[in-house]
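Novice: Need coordinates for the below:
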Amino acid sequence: MKLLLLSNSTAPGHAYLEHAREAIARHLAGVRELLFVPYALADHDGYTEKVAAFMAELGIAVRGVHTGDPRRLAADAQAVFTGGGNSFRLLRALHTTGLVEALRDRVAAGAPYMGSSAGTNMACPTLRTTNDMPIVQPPSFEALALVPFQINPHYLDPAPESAHMGETREERLTQFLEENAVPVLGLREGTWLVREDDRLELAGVAAGARLFRRGAAPEEYGPGTDLSELLTAPARFDVGPATT
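Specialist: This is a model prediction of the structure:
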């Protein structure tokens, strides 16, 4: 399985996807046409055009999955990119179009998968560690399960000087772990994961990522870290609070 999972698609001072250009070029080497999944935003055509403009610089043509039979297009795709936006809207569309199963099968058969933000959320077993507002209701939180752990894109560290009194991202993920025994990787801006079969590596900027596990203190990791052991981590959902 070949995955490139970006925390974000736009970085300060960079055009769309430009901060990860080299990683994207490596990931899609040899790909002539990319299937783009634009369902996280309302303007499917406009979103597809934006992706096509970037991919054209890499010599890759882009087709939106909304322009034909989604399942048939997925079955024939050389590679797939699922873009960011609202993850609830995206997952609802994946279920209603039959793409959850179709994309899972195609990626398992060897097609490279790339996701950014909400598209990275889709690679997890469920939607449960997204940051988004539930503007629509998907029929299920079940996602593509291309990795057996959860990811929190756009991870933000607690800011002690902030006057905001709501939960920090760390507190929200801790609450998730009170009910679920599943590792959660908080991907900071400018970071991404690269999976090549049984190897998983953290890449991107020096800020790196933060790993949360049930019953343990968060762990910090920097670019170049081998996180392959997460691919074998057992995921147990809805186990309830840990007993003491």
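Novice: Could you list every helix and strand that the one helix or strand Glu201 maps to packs against?
Specialist: Assigned by DSSP states H and E, Glu201 falls within strand 199-204. Under the contact definition 3 or more Cβ pairs under 8 Å, 6 or more residues apart in numbering; DSSP states H and E, strand 199-204 sits against strand 191-196. From N, CA and C alone the C-beta is placed, and that goes for glycine too.
Novice: what packs against the strand it packs on?
Specialist: strand 2-6, helix 21-27, strand 199-204.
Novice: could you redo the last one with a cut-off of 7 Å?
Specialist: strand 2-6, strand 199-204 (3 or more Cβ pairs under 7 Å, 6 or more residues apart in numbering; DSSP states H and E).
Novice: Just give the number of residues close to Leu4.
Specialist: 24 (other Cβ atoms under 10 Å).
Novice: I'd say it and His27 touch.
Specialist: Yes - with contact defined as Cβ atoms under 7 Å, Leu4 counts as touching His27 (4.2 Å).
Novice: so what's Asp69 up against?
Specialist: By Cβ atoms under 7 Å, 6 or more residues apart in numbering, the contact list for Asp69 is empty.
Novice: Compute the inter-axis angle for the strand holding Glu201 and strand 2-6.
Specialist: Here strand 199-204 points in a direction 30 degrees away from that of strand 2-6 (axes from the mean of the first three to the mean of the last three Cα atoms, to 10 degrees).
Novice: Any chance you could list what contacts strand 199-204?
Specialist: 23, 190-194, 208-209, 221, 223-228, 230-231.
Novice: Now it: buried residues?
Specialist: Leu200, Leu202, Ala203, Gly204 (16 or more other Cβ atoms under 10 Å).
Novice: Alright, calling it a day.
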